[in-house]
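Enquirer: here you go, sequence then predicted model.
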Amino acid sequence: MTDLLFTDGLPDLDPEMGYRGAVAARAAGITYRQLDYWARTELVEPTVRSATGSGSQRLYGFRDILVLKLVKRLLDTGISLQQIRTAVEQLRAAGIRDLAGTTLMSDGASVYLCTSNDEVIDLVSRGQGVFGIAVGKVLHEVEATLVDFEATEPDQLDELAQRRAKRTA
């Protein structure tokens, strides 16, 4: 499952750069235990580098952290992990093109992918949509969090993120 969930609407990042698990977990607002479980159960696997044995570290890309944060938001609203897994698989299959204009809607049991305002209105008018998560807003939150981490805690980032910071400085 190394296919990228989102392909457009994201910052143009070097696919070889990544963040250690601790940084990814903090940026997504989850515990390291959740991160580890989701990687082992293939809900959200790191796309930069997966663990290859004892002592190796996973490296998560920006897209991975975005998915982690979306999963966390859905869990916070009471959606079951099983339903979230189905939603993540559907998102991968959908091949989202305009990430900033995408909204995840839910009725508390199922998750729906809406790529236009008309789809959101249609879903709500049928009484199915109870809440929505604007993916573009979450994308910007993750981006701001990672930039803040790089600015305030450069020693906490992995060597790849430190090289990126030096290159852009």
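Expert: Looks like it arrived, so ask away. Numbers count the residues shown, from 1 in each chain.

Enquirer: can you tell me the closest non-neighbouring residue to Pro84?
Expert: You called it Pro, but residue 84 is Ile. Distances taken as Cβ to Cβ, 6 or more residues apart in numbering place Leu74 nearest to Ile84, at 4.9 Å, with adjacent residues excluded. For glycine as for every other residue, the C-beta is placed from the backbone atoms N, C-alpha and C.

Enquirer: then Arg85?
Expert: In space, and not counting its chain neighbours, Arg85 is closest to Leu43: 5.7 Å by Cβ to Cβ, 6+ apart.

Enquirer: just Tyr112 next, same as before
Expert: Nearest residue to Tyr112, sequence neighbours excluded (Cβ to Cβ, 6+ apart): Met105, at 4.6 Å.

Enquirer: need the CA coordinates for the longest helix along the chain. CSV is fine.
Expert: Looking across the chain with DSSP state H, the single longest helix is helix 135-152. What follows is helix 135-152 as a C-alpha-only set of coordinates in CSV (Å, rounded to 0.1, in the frame of the first residue of the first chain):
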residue,chain,number,x,y,z
VAL,A,135,-9.5,18.5,3.9
GLY,A,136,-7.9,21.7,2.6
LYS,A,137,-8.1,23.2,6.1
VAL,A,138,-6.5,20.2,7.6
LEU,A,139,-3.8,20.3,5.0
HIS,A,140,-2.9,23.8,5.9
GLU,A,141,-2.9,22.9,9.6
VAL,A,142,-0.4,20.1,9.1
GLU,A,143,1.8,22.3,6.9
ALA,A,144,1.8,25.1,9.6
THR,A,145,2.5,22.6,12.4
LEU,A,146,5.5,21.1,10.5
VAL,A,147,6.9,24.5,9.7
ASP,A,148,6.5,25.5,13.4
PHE,A,149,8.3,22.3,14.4
GLU,A,150,11.2,23.1,12.1
ALA,A,151,11.4,26.6,13.3
THR,A,152,11.2,25.9,17.1
